[in-house]
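Trainee: test case, fold it:
(chains A and B)
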Amino acid sequence: MNFQLSEDQEALQQGVRSFCEGRVPFGQLAELERTQGFDPTLWGGLAEMGVFNLRVAERDEGVGLGSADAVLVFQELGRRLVPGPLIWSHLAAGLIKGAATGEVVVGGLDLMGAATAPVLVEHLESLAALLVLRPQGAYRVALEELNAEAVAVALDPLTPMHYVEMLPEGELIVGAEGARRLRLEGGALASAQLLGIAEATLELALDYAKTREQFGRAIGSFQAIKHMLADMFVRQESARAAVYAAGATLDDPEVGDVERAVSAAKINAGDAAMKNARSCIQIHGGMGYTWEVPAHYYLKRTWVLESVFGTVEEHSDRMGMIVEGGL
Amino acid sequence: MDLRYSESEEKFRAELRAWLEVEVPAHGEPSPWGEGDWSARRDYDTRWQRKLYDAGYAGLNWPREYGGRDASLGEQLVYYEEIARAKAPYIGTCFVGMLHGGPTLIAEGTPEQKARHLPYILRGEQIWCQGFSEPGAGSDLASLSTRAVRDGDHYVVNGHKIWCSFAQIADYAELLVRTDPDAPKHRGISWLILPMGTPGIEIRPLRTLAGEGEFSEVFLENVRVPVENRVGEENDGWRVTNVTLRFERGTAFASEMYQLQKFLAELVRLAKRVTRGDGSAWDDVALRREVGRLAAELDALWAMVKLSVCQSSTTGVPGVGASAVKLYYSELNQRVSELAMRVLGRGVLSQVDVAGMPSRAVLGRALNSLSITIAAGTSQIQRNIISERILGLPREAR
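Mentor: Now for the predicted structure:
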């Protein structure tokens, strides 16, 4: 056993990190807001880097990597608030032609969980295809059949929403078992993005705590602040362990229970992102309540990711059943 | 990022499991904890330690040259999982020798000190206790004032130690003393091996809130300790101590962490037996959700241990990340224990089993869990360590 990142994995993560830092700096967020969180050039760059065809086999012109690698990539996307229907296009890479290369932007809806209403489609205006997960299977819904109404102001300024009152059934493209698997993969990737958010908000709060002075000293020298930051670190590390374990388990189901691993990842990463984003705002004081400090983008994105592929509550209920089932 | 145990690790697991299946039931139950039972307790623990030794499982992470197994990290994790699964006897009174004193001697002891102690600790023939904390030196351990004055080839020690687990049955203590009262507090401390039979030692048991006599106060009056019993250089004891503390915060609780997962499952079994209204406590959706949530956190904790153990393999000693593991584990343990108390309902008001409910075991665990956010560095000290050594924030006064 070696649970540490391999050299290749470290290089992969570093590569995605530099790309994201270069292409989506905080200064770019206002511009991305103007384009509704979608930038075709950025999308092309992500495709070129292998974000969508990462797990497609090499013989099918993919990168040929696994879920353990994918979670590292999505962790970095989460860390830099990279917008767009990233997970759906990644999941669709082997299912919908053109998704793997980024030419066809695929969005999606997860209707398999407990809390899926109202039906809100993310990034609808940028989409060329829509994938819908239902307990019976994965469906492709034709966009022209969709009667959707734009939400005037979305919570996350980089994730526009459309409300759909009547969703057409669409065409079944994957069976129930496949849909279940897609949802688990999506859950691991959303958890990875949430981990990235937990890391980024700690980093932001830490930088601020080291430089902001009150009462003649850095606020990071007060135990009240230090201990908040220490708790943020513990949440980040427990989320990291759970997310990496989910990736490794998806690749090698013999090392554990895939469903359990994904639930544990979504619960721990969801909790870490939510609490760290909130602490980040709190540590910034009044500035944390402004639009200017990027902390709010992270909290809002957390709500977007919390609501897909199973909420913390849904996964907790499932974990309860798993523990009971293991008696 | 590979969670798969190798073939040889799985072979090790199969052998260990088969051995435990025979030996654990044969070893029987420990005598109940409490005052007066300490020699029985010692006998129970040391007989188990001897069995581990004879079977080649003692000192799993000790180097081979000192009689250990020098096991791979995978084997160590397998070991922690299997002894928790088999409900093997707790390391108990052998804790300090096996996990503190022994590893410190391995790292810092002279060849003579190693020969005089390591084989005996490993075979369960030497019990050690800790003489670190003092009434005036708890979290601020380096402010300790127990004095050691050189007199020829001896130190003459005077002072008062507290929270010494198992002192009443220990053969040796790892003793921290002040050898230079004029130096800055971290630079005037030495680490001594104290034979507990030396004249001038008085042991007074302390009763814990759980009603147990695990801890003692130790009073030292003109106790003569040979200079050859000093580990490390004179006044270099703080550095030596930190070697020990890092071990304590590393994998010392690994098996208990894994065991907590098993306890959560027992809690579900218990909830199904507890009547609430027309059904059982397990019908409560909020309880199920809380159990699920704790299970997820325990899974994350165990994954954190795996990550931390794998990382420590590169450095040789557990890193500061071990503080995060200790902090998370001890607080999680309290949450799980409190939930179990809630499940018991009014059964929690009895410290002995009542109406067929396992009050004794649940209460024993829950009351004991209150100590783990205090022992081995309080949760607040862990947060200081994390924020200063990992996050680089300004240091507290020292």
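
Trainee: so, low pLDDT: which residues of the stretch 151-300 of chain A?
Mentor: Residues of the stretch 151-300 of chain A meeting the criterion pLDDT under 70: none.

Trainee: what does stretch A:104-112 rub up against?
Mentor: For stretch A:104-112, contacts defined as CB atoms under 8 Å, 6 or more residues apart in numbering or on different chains pick out A:38, A:43, A:84-85, A:87-89, A:91-92, A:96-99, A:116, A:119, A:121-124, A:126-135, A:167, A:179-180, A:183, A:186, A:308-309. Every residue, glycine included, has its C-beta placed from N, CA and C.

Trainee: next step: the residues you listed restricted to strands.
Mentor: Among the contacts of stretch A:104-112, DSSP state E puts A:121-122, A:129-134 in strands.

Trainee: which two of the residues you listed have the greatest separation?
Mentor: Pairwise distances across the ones in strands among the contacts of stretch A:104-112 (CB to CB) peak at 17.4 Å, for the pair A:E122 and A:R134.

Trainee: more neighbours: the two, which one.
Mentor: Just comparing A:E122 and A:R134: by other CB atoms under 10 Å in any protein chain shown the higher neighbour count belongs to A:E122, 23 against 18.

Trainee: which among the contacts of stretch A:104-112 count as buried?
Mentor: Buried members of the contacts of stretch A:104-112, scored by 16 or more other CB atoms under 10 Å in any protein chain shown, are A:38, A:43, A:84-85, A:87-89, A:91-92, A:96, A:98-99, A:116, A:121-124, A:126-127, A:129-134, A:167, A:179-180, A:183, A:186, A:308-309.

Trainee: which of these fall within helices?
Mentor: In helices, judged by DSSP state H, the following of the buried ones among the contacts of stretch A:104-112 are found: A:43, A:87-89, A:91, A:179-180, A:183, A:186.

Trainee: nearest to chain A within the stretch 51-200 of chain B, name that residue for me.
Mentor: Chain A sits closest to B:G74 of the stretch 51-200 of chain B, with a gap of 4.2 Å, by CB to the nearest CB.

Trainee: hmm, B:R4 and that residue touching each other?
Mentor: No: the pair B:G74 / B:R4 is not scored as a contact, 9.2 Å apart, by CB atoms under 8 Å.

Trainee: are there residues contacting both of those two? Which ones?
Mentor: A:M1.

Trainee: looking at the two, which is more packed in?
Mentor: B:G74 (23 against 16).

Trainee: would that one count as being in a helix?
Mentor: Yes: counting by DSSP: H, G, I helix; E, B strand; the rest coil, B:G74 is located in a helix.

Trainee: could you pull up the mean pLDDT of the strand or helix carrying B:W238?
Mentor: Assigned by DSSP states H and E, B:W238 falls within helix B:237-248. Averaged across helix B:237-248, pLDDT comes to 77.

Trainee: what about the helices in the stretch 201-327 of chain A?
Mentor: Ranges of helices in the stretch 201-327 of chain A, per DSSP state H, counting those that start in this stretch, are A:223-251, A:258-283, A:295-306, A:312-325.

Trainee: how many other residues sit next to A:L32?
Mentor: If you count neighbours by other CB under 10 Å, A:L32 ends up with 20.

Trainee: does the nearest residue in space to A:G50 that is not next to it in sequence belong to a helix, a strand or coil?
Mentor: With sequence-adjacent residues excluded and distances taken as CB to CB, 6 or more residues apart in numbering or on different chains, A:G50 is closest to A:V63, at 4.4 Å. At A:V63, secondary structure determined by three-state DSSP is coil.

Trainee: A:V63: how many residues sit nearby?
Mentor: 21.

Trainee: residues contacting A:L172?
Mentor: A:L172 makes contacts with A:136-139, as judged by CB under 8 Å, 6+ apart.

Trainee: now do it against A:A138, distance only.
Mentor: Going from A:L172 to A:A138 by CB to CB, to the nearest Å gives 8 Å.

Trainee: got it, and B:I372?
Mentor: Note on B:I372: its distance to A:A138, by CB to CB, is 47 Å.

Trainee: neighbour count winner among those two?
Mentor: Legend: neighbour count by other CB under 10 Å for B:I372 and A:A138, higher for A:A138 (27 against 18).

Trainee: how many residues are close by residue 144?
Mentor: Because you didn't say which chain, this covers chain A. A:E144 has 6 nearby residues by other CB under 10 Å.

Trainee: the chain in question should be chain B.
Mentor: Look at B:L144: counted by other CB under 10 Å, it has 25 neighbours.

Trainee: spatially nearest residue to it (excluding sequence neighbours)?
Mentor: Spatially, and ignoring its direct neighbours in sequence, B:L144 is nearest to B:A137 (4.0 Å; CB to CB, 6+ apart).

Trainee: wait, isn't the residue nearest to A:G50 in contact with A:M49?
Mentor: No: with contacts counted by CB under 8 Å, A:V63 stays clear of A:M49, the gap being 9.4 Å.

Trainee: which parts of the stretch 201-350 of chain B are helices?
Mentor: Counting by DSSP H, counting those that start in this stretch, the helices of the stretch 201-350 of chain B are B:237-248, B:254-273, B:285-315, B:321-344.

Trainee: looking at the helices of the stretch 201-327 of chain A, which is buried most?
Mentor: Greatest average neighbour count among the helices of the stretch 201-327 of chain A goes to helix A:258-283 (a mean of 27), per mean count of other CB atoms under 10 Å in any protein chain shown.

Trainee: in chain B, which spans are strands?
Mentor: Using DSSP E, the strands of chain B run over B:128-131, B:147-151, B:154-165, B:172-178, B:189-195, B:201-205, B:215-226, B:230-231, B:275-276, B:279-280.

Trainee: got a list of what the nearest residue to A:S263 once chain neighbours are set aside touches?
Mentor: Nearest non-adjacent residue to A:S263, counting by CB to CB, 6+ apart: A:H315, 4.1 Å away. A:H315 makes contact with A:187, A:262-264, A:266-267, A:270, B:292, B:296, according to CB under 8 Å, 6+ apart.

Trainee: pick out the most distant pair among the residues you listed.
Mentor: A:G187 and B:G292 (14.9 Å).

Trainee: isn't B:A173 right up against B:I127?
Mentor: No: with contact defined as CB under 8 Å, B:A173 does not reach B:I127; the gap is 10.1 Å.

Trainee: residues near residue 50, how many?
Mentor: Using chain A. 21.

Trainee: look at chain B instead
Mentor: When neighbours are counted by other CB under 10 Å, B:R50 registers 15.

Trainee: for it, give its distance to chain A.
Mentor: Distance, B:R50 to chain A, using CB to the nearest CB, to the nearest Å: 30 Å.
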